[in-house]
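# 3D model of this:
(one chain, ligands or ions: 1)
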Amino acid sequence: MTAARLCVHGDDRVFTLAIGQTILQAAMQQGLALDHACGGVCACSTCHVKITQGGDCFSAPSEDELDQLDEARGVGLDSRLGCQAKLLRAPSGGQVEISIPTWNVNAVREGAGH
Ligand code: FES
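All right, here's what the predicted structure looks like:
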């Protein structure tokens, strides 16, 4: 298997996350709204997601990512930066699940009208 199903809490659509791809790359390819103010270079924390299933199949966070996550709101043990978390192997069951913190979702929605 070269990809996993990517489910997003509160979103009925099912996305695909290829092995070697970051969550942000998959989101941008498939029309999932995930903010990325710095363009995906680990210099903000707007792409903050929580990986609620399959988190052990992703690349380990770098020091830079952990520093950025320190600045994010509502960080938990399953928090990652969407632009940095890269799928390394297929999860058991073939599915990973993420949630996008609601303040990020709101920020995206507010920005959408401009
Ligand atoms: S988009 Fe800025 S850190 Fe991910």
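
# flag every residue of this protein that's near the ligand.
36-38, 40, 42-47, 68, 81-83 (C-beta under 6 Å from any ligand atom). Yep, even glycine has a C-beta here, placed from its N, CA and C like the rest.

# take those and lay them out in CSV including distance to G74.
Shown next, in CSV, are the residues of the chain next to the ligand (distance: C-beta to C-beta, whole Å):
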residue, distance to G74
H36, 18
A37, 17
C38, 19
G40, 21
C42, 19
A43, 20
C44, 15
S45, 11
T46, 13
C47, 14
Q68, 14
L81, 14
G82, 15
C83, 18
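
# the helices in the protein, which residues?
Here the chain has its helices, by DSSP state H, at 23-30, 63-71, 102-112.

# which ones are touching G82?
T22, I23, L24, A27, L34, H36, C47, H48, V49, I98 (C-beta atoms under 8 Å, 6 or more residues apart in numbering).

# how about a cut-off of 7 Å?
Counting by C-beta atoms under 7 Å, 6 or more residues apart in numbering, G82 touches T22, I23, L24, A27, L34, C47, V49.

# return a ChimeraX selection command for the buried portion of the residues of the chain next to the ligand.
To isolate the buried members of the residues of the chain next to the ligand in ChimeraX, using 16 or more other C-beta atoms under 10 Å:
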select :36,40,42,44,45,46,47,68,81,82,83
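
# from the residues of the chain next to the ligand, pick the one nearest V8.
Comparing those against V8 with C-beta to C-beta places G82 closest, at 10.8 Å.

# please enumerate the strands of this protein.
3-8, 14-18, 48-53, 79-81, 95-99 (DSSP state E).

# redo the residues of the chain next to the ligand as a markdown table? Include pLDDT and distance to G93.
As requested, these are arranged in a markdown table below (pLDDT from 0 to 100; distance: C-beta to C-beta, whole Å):
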| residue | pLDDT | distance to G93 |
| --- | --- | --- |
| H36 | 96 | 28 |
| A37 | 96 | 33 |
| C38 | 97 | 32 |
| G40 | 97 | 28 |
| C42 | 97 | 29 |
| A43 | 96 | 34 |
| C44 | 95 | 32 |
| S45 | 95 | 29 |
| T46 | 95 | 29 |
| C47 | 96 | 25 |
| Q68 | 96 | 29 |
| L81 | 98 | 24 |
| G82 | 98 | 21 |
| C83 | 98 | 25 |
